[in-house]
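Visitor: From the sequence below, what's the structure:
(one chain, ligands or ions: 2)
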Amino acid sequence: MDITRFEDTIAAVSTPPGRSGIGIVRLSGPSALQIAADVFRPANPRRNPLTQPTYTLSYGHVLDDELIVDEVLLTVMRAPSSYTTQDVVEINCHGGIVAVRRTLELVLHRGARLADPGEFTKRAYYFGRIDLAQAEAVADVINAQTEHSRRAAMAQLSGHLSEAVNGLREGILSLLARMEAAVDFFEEGLELPDHEQTATAISDLREQVADLLGTAEQGRLLRDGLQVAIVGRPNVGKSSLLNALLRSDRAIVTPIPGTTRDVIEDSRNIAGIPVRLLDTAGMRSTDSVVEAEGVRRSEQAMADADLVLLVIDTSEALTTRDEELLRDALRRTIVVMNKEDLPACVTAETVTTLTSAPQIWISARDGTHLQDLEQAISDTVWAGGSGDVTDTIVTNVRHKTALQQADEALTRAGDALDSGYSEEFIAADLREALASLDEIVGNFVPEQILDRIFAEFCIGK
Ligand SMILES: Nc1nc2c(ncn2[C@@H]2O[C@H](COP(=O)(O)OP(=O)(O)O)[C@@H](O)[C@H]2O)c(=O)[nH]1
Ligand SMILES: [Mg+2]
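Guide: Ligands and ions are numbered 1, 2, ... in the order given. The predicted model follows:
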């Protein structure tokens with residue numbers, strides 16, 4: 001790895017462009033303090049960036065020659081205890097496009113280079129302060145849309161995933177060491193590692209990989225959100241339910257069946273998960289071309305959804321269409337027994353004979369028992385998991401793929417052992433598993449892959 005290219009000093013604006021209370025220009029590199037000293041005049045002449053103690057602030061002005069550009073607070077964080085492990089300076093300017101940009105131009109003019117996206121974090125990774133999984137978690141914290149995704153990202157940033165992966169690596173390395181010793185010293189009569197012991201060790205490793213992979217589905221939902229389709233025959237209250245869940249009048253509600261023709265979509269956080277709600281046209285046969293297209297789209301939305309809310313109007317007897325929909329209910333369906341404010345013509349038992357999907361009784365019109373429904377929605381995501389997002393959760397597709405490859409290689413190693421292949425073959429598979437795990441924490445990752453990962457970052461992070 002070529003770290004000489006990190007010996008220059010970079011600068012970037014770390015706050016979003018536009019008007020704001022403050023805007024921050026950040027510098028990192030060997031000349032960060034000198035460049036800061038060149039453009040900054042402290043109010044107290046004894047406090048200049050070159051002598052200012054680490055982790056302290058100075059008040060003063062950014063100057064362009066003798067012209068005052070802005071009144072600022074300047075922070076110094078000296079190597080090695082800084083974000084990048086290099087000398088870092090942050091200049092807190094007044095927010096607003098001109099003052100911040102002018103300050104950036106001045107430091108660039110004094111020899112700093114404009115940072116690439118994510119280059120501060122890339123430096124933290126290259127200089128070994130954090131590993132690759134942690135670096136990726138920085139972007140996840142920034143991009144988190146809900147409290148749960150933020151917590152999962154923070155757990156990863158704190159190193160929980162890295163610890164789990166490093167534990168697996170240790171396990172494989174010690175197995176490999178035993179095998180390689182056996183191969184080397186075979187002729188000298190050293191005993192081969194016990195077959196049973198090796199088999200147990202490999203299956204333990206596989207179990208741990210499977211545990212991590214088991215969290216990937218939750219991880220995907222935390223990252224991308226849950227797609228929820230609201231379906232049912234016309235007039236059961238699908239659009240009313242969408243509005244109730246969104247707490248707005250997003251969809252048109254009328255007593256006329258067939259009002260909703262197209263799929264209407266909006267998002268909300270439910271119990272920490274970003275949920276995309278799709279209200280669909282009622283499922284019925286129709287002669288209208290427009291409505292038929294609506295029904296086709298409803299079916300598509302239902303097929304694509306992570307979760308289906310199948311709405312039943314409990315104030316009317318079940319129709320054959322209702323019965324069909326209930327009987328065909330796929331996995332991950334919640335039956336929404338709507339209009340509980342009206343006298344019931346359907347019983348919970350009747351529905352149970354048609355489907356084993358959970359039932360929630362609500363009134364979309366009055367908003368009663370909506371919380372039960374929201375709880376049921378969040379239960380479908382956390383079922384099988386603890387719901388504790390401070391645990392290790394694999395949210396990143398790249399990590400998931402690497403774990404799958406590690407699992408395949410370990411499976412091959414186990415099979416090779418069972419078929420009585422020699423140690424060398426088993427060791428080759430184990431080394432492959434190790435390489436896949438290395439990709440997660442960032443040992444020996446090709447430059448292009450690193451570039452692709454960091455290109456997703458914001459400038460200034
Ligand atoms: N009494 C009562 N009426 C409801 C409830 N939910 C919906 N409705 C009424 O049922 C009719 C159809 O509602 P709508 O949401 O358009 O149904 P959709 O065709 O399934 O989208 C409207 O007149 C709503 O006011 C409910 O919980 N209780
Ligand atoms: Mg509707």
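
Visitor: buried residues in stretch 451-461?
Guide: Within stretch 451-461, the residues scored as buried using 16 or more other CB atoms under 10 Å are I453, F454, F457, C458, I459, G460, K461. All C-beta atoms are positioned from the backbone trio N, CA, C, and that covers glycine.

Visitor: which ones are touching the second one?
Guide: Just to be clear, that refers to F454. With contact taken as CB atoms under 8 Å, 6 or more residues apart in numbering, F454 is in contact with D116, P117, G118, E119, T121, K122, A135.

Visitor: Got the phi and psi for it?
Guide: phi -80, psi -20 (degrees, to the nearest 10).

Visitor: What pLDDT is listed against it?
Guide: The pLDDT attached to F454 in the predicted structure is 91.

Visitor: Equivalent analysis for the fourth one, please.
Guide: pLDDT recorded at C458 is 85.

Visitor: Helix, strand or coil: sort out it for me.
Guide: Put simply, C458 is coil when judged by DSSP: H, G, I helix; E, B strand; the rest coil.

Visitor: Next, count neighbours for P16.
Guide: 11 (other CB atoms under 10 Å).

Visitor: Confirm it sits in a helix?
Guide: No - assessed with three-state DSSP, P16 is coil; it does not lie in a helix.

Visitor: Is ligand 2 within reach of stretch 346-365?
Guide: No - Stretch 346-365 does not reach ligand 2 (CB under 5 Å from the ion); its nearest approach is 10.7 Å.

Visitor: For that stretch, give me every contacting residue.
Guide: Contacts of stretch 346-365 (CB under 8 Å, 6+ apart): 237, 240-241, 243-244, 310, 312, 314, 316-318, 323, 326-327, 329, 333-341, 368-370, 372-373, 376.

Visitor: Ok, stretch 418-429 next?
Guide: Counting by CB under 8 Å, 6+ apart, 176, 179-180, 182-183, 192-193, 198-199, 409-410, 412-413, 416-417 sit against stretch 418-429.

Visitor: Now do the top helix by length along the chain: which elements does it pack against?
Guide: Of all segments of type helix in the chain, defined using DSSP state H, the longest is helix 160-185. When contacts are defined as 3 or more CB pairs under 8 Å, 6 or more residues apart in numbering; DSSP states H and E, helix 160-185 packs onto helix 132-143, helix 195-214, helix 423-441.

Visitor: What helix or strand is the residue nearest the centre of the chain located in?
Guide: A centroid search over the chain (CA atoms, centre = their mean) returns R223, at 3.8 Å, as the residue closest to the centre. Here R223, judged by DSSP states H and E, is contained in helix 216-224.

Visitor: For that helix, list every residue counted as buried.
Guide: Buried, per 16+ other CB under 10 Å, within helix 216-224: A216, E217, Q218, G219, R220, L221, L222, R223.

Visitor: Any stretches of the stretch 251-400 of the chain with poor pLDDT?
Guide: 383-390 (pLDDT under 70).

Visitor: What about E163, how many residues nearby?
Guide: That count, for E163 with other CB under 10 Å as the rule, works out to 13.

Visitor: ok, now which ones touch it?
Guide: Contacts of E163 (CB under 8 Å, 6+ apart): T392.

Visitor: wait, what's in contact with the residue lying closest to A406 once chain neighbours are set aside?
Guide: The shortest distance from A406 to any non-neighbouring residue, by CB to CB, 6 or more residues apart in numbering, is to S436 (4.1 Å). S436 makes contact with A402, L403, Q405, A406, A409, according to CB under 8 Å, 6+ apart.

Visitor: if we look at ligand 1, which of the residues you listed are close to it?
Guide: Filtering the contacts of S436 for neighbours of ligand 1 using CB under 6 Å from any ligand atom leaves an empty set.

Visitor: which one of the residues you listed has the most neighbours?
Guide: A406 (29 neighbours).

Visitor: so what's the residue nearest to the centre of the chain up against?
Guide: D140, S149, T395, N396.

Visitor: Closest one of the residues you listed to G294?
Guide: Minimum distance to G294 across those is 32.8 Å, recorded for S149 (CB to CB).

Visitor: how much space between that closest one and ligand 2?
Guide: 31 Å (CB to the ion, to the nearest Å).

Visitor: Give me the buried stretch members for stretch 407-425, please.
Guide: D407, A409, L410, T411, R412, A413, G414, A416, L417, E423.

Visitor: repeat for stretch 134-145
Guide: Counting neighbours by 16+ other CB under 10 Å, stretch 134-145 gives Q134, A135, E136, A137, V138, A139, D140, V141, A144, Q145 as buried.

Visitor: Turn the residues you listed into a markdown table, columns for distance to ligand 2.
Guide: Below are the buried residues of stretch 134-145 laid out as a markdown table (distance: CB to the ion, whole Å):
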| residue | distance to ligand 2 |
| --- | --- |
| Q134 | 46 |
| A135 | 46 |
| E136 | 41 |
| A137 | 41 |
| V138 | 43 |
| A139 | 39 |
| D140 | 36 |
| V141 | 38 |
| A144 | 33 |
| Q145 | 27 |
